[in-house]
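okay, here's the prediction I keep looking at, along with the sequence it came from:
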Amino acid sequence: MFLAPIGYAAEGSKTGKCDRYVAPQSRTYQEGEVSHEKMRARTRLLQALHSKDPEAIKQAKAGAIKAGYSNAAVGAIGRTPSDVFLFSKLPEADQQAILRQANKDEFERYIGHAHMNLRKPMRDERVGNQAAGPAPAPSSAPATVAPAPRPATPPPSSWPPVPPPTFNDLRMR
C-alpha cells in the first residue's frame, strides 16, 4: 500500500512522523480539474473561516458542496488542526511514546485525540509522574536503558571467551 503524506506537523510538534502512517482515503479516480476545484473550494472555506465572516462562510460551504464535498466533510474542514488530526491516526505505540515525551500543554492538546484505551492509563501515568517528580526534559538523543546487572561468573557454555572477529576473518567470498 502506498502511504502518501497528507499534511505536515507544526514546527516544534512531537508528531513529525505522522506523515509516515496516514494513508489517503480510498476513492475513485478523480479528473484533475475536479480535484483542483475541490482544493480551491477548501482553501476558500478555510479563508472564510479565518475571516469569521458569516456570509463568506455560508457561500464557501455552498461552493465546497457544489465542488463535490459531502456535508460531513465540509463540517470537518478547519475544525481540527492538522497535527492533531494526524496524531489521531498514529498507531497506539507511537501515540503512547509521543504522550510520554510531551510537555503539559502538548499532553493536553493531544490526549483527547488519542486512542480510547490509551487515554485513562496515560492520564494516570502522567499524574503518577507528577507526584514522583518532574518529568525529564526530552532530548534529541535516543533514550538509553541501563544494562541488566551481570552475573559474577559467566555461564559455562560461554567459557572460554571467544575473541571478537578481526578484519581478516571477514573475507569476501
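Everything's here; your move.

tell me the spacing between R40 and L49.
As judged by C-beta to C-beta, to the nearest Å, R40 and L49 stand 15 Å apart. No exception for glycine: its C-beta is placed from N, CA and C like everyone else's.

so what does the strand or helix carrying R119 touch, helix or strand wise?
Element membership of R119, judged by DSSP states H and E, is helix 116-132. In terms of contacts (3 or more C-beta pairs under 8 Å, 6 or more residues apart in numbering; DSSP states H and E), helix 116-132 is packed against helix 92-101, helix 104-111.

JSON lines for those, including mean neighbour count?
Shown next, in JSON lines, are the helices and strands packed on helix 116-132 (neighbours: other C-beta atoms under 10 Å):
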{"stretch": "helix 92-101", "mean neighbour count": "17"}
{"stretch": "helix 104-111", "mean neighbour count": "16"}
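
the domain parsing of the protein - what is it?
For the chain, automatic domain parsing gives the domain ranges 29-79, 80-137.

now mean pLDDT too, for the ones you listed, in TSV please.
Output for the domains of the chain, formatted as TSV (pLDDT from 0 to 100):
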stretch	mean pLDDT
domain 29-79	88
domain 80-137	85
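
thinking again about what came up before, CA atoms only: put the helix holding R119 into PDB for me.
The C-alpha trace of helix 116-132 is given here as PDB (Å, rounded to 0.1, in the frame of the first residue of the first chain):
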ATOM      1  CA  MET A 116      -9.700   5.400  23.700                       C
ATOM      2  CA  ASN A 117      -7.900   2.700  25.500                       C
ATOM      3  CA  LEU A 118      -4.800   4.900  26.000                       C
ATOM      4  CA  ARG A 119      -6.500   8.000  27.500                       C
ATOM      5  CA  LYS A 120      -7.100   6.900  31.100                       C
ATOM      6  CA  PRO A 121      -3.800   4.900  31.500                       C
ATOM      7  CA  MET A 122      -1.800   7.900  30.100                       C
ATOM      8  CA  ARG A 123      -3.600  10.400  32.300                       C
ATOM      9  CA  ASP A 124      -3.000   8.100  35.300                       C
ATOM     10  CA  GLU A 125       0.700   7.700  34.400                       C
ATOM     11  CA  ARG A 126       1.000  11.500  34.000                       C
ATOM     12  CA  VAL A 127      -0.500  12.100  37.400                       C
ATOM     13  CA  GLY A 128       1.900   9.400  38.900                       C
ATOM     14  CA  ASN A 129       4.900  11.000  37.200                       C
ATOM     15  CA  GLN A 130       4.000  14.500  38.600                       C
ATOM     16  CA  ALA A 131       3.700  13.100  42.100                       C
ATOM     17  CA  ALA A 132       7.000  11.400  41.800                       C
END
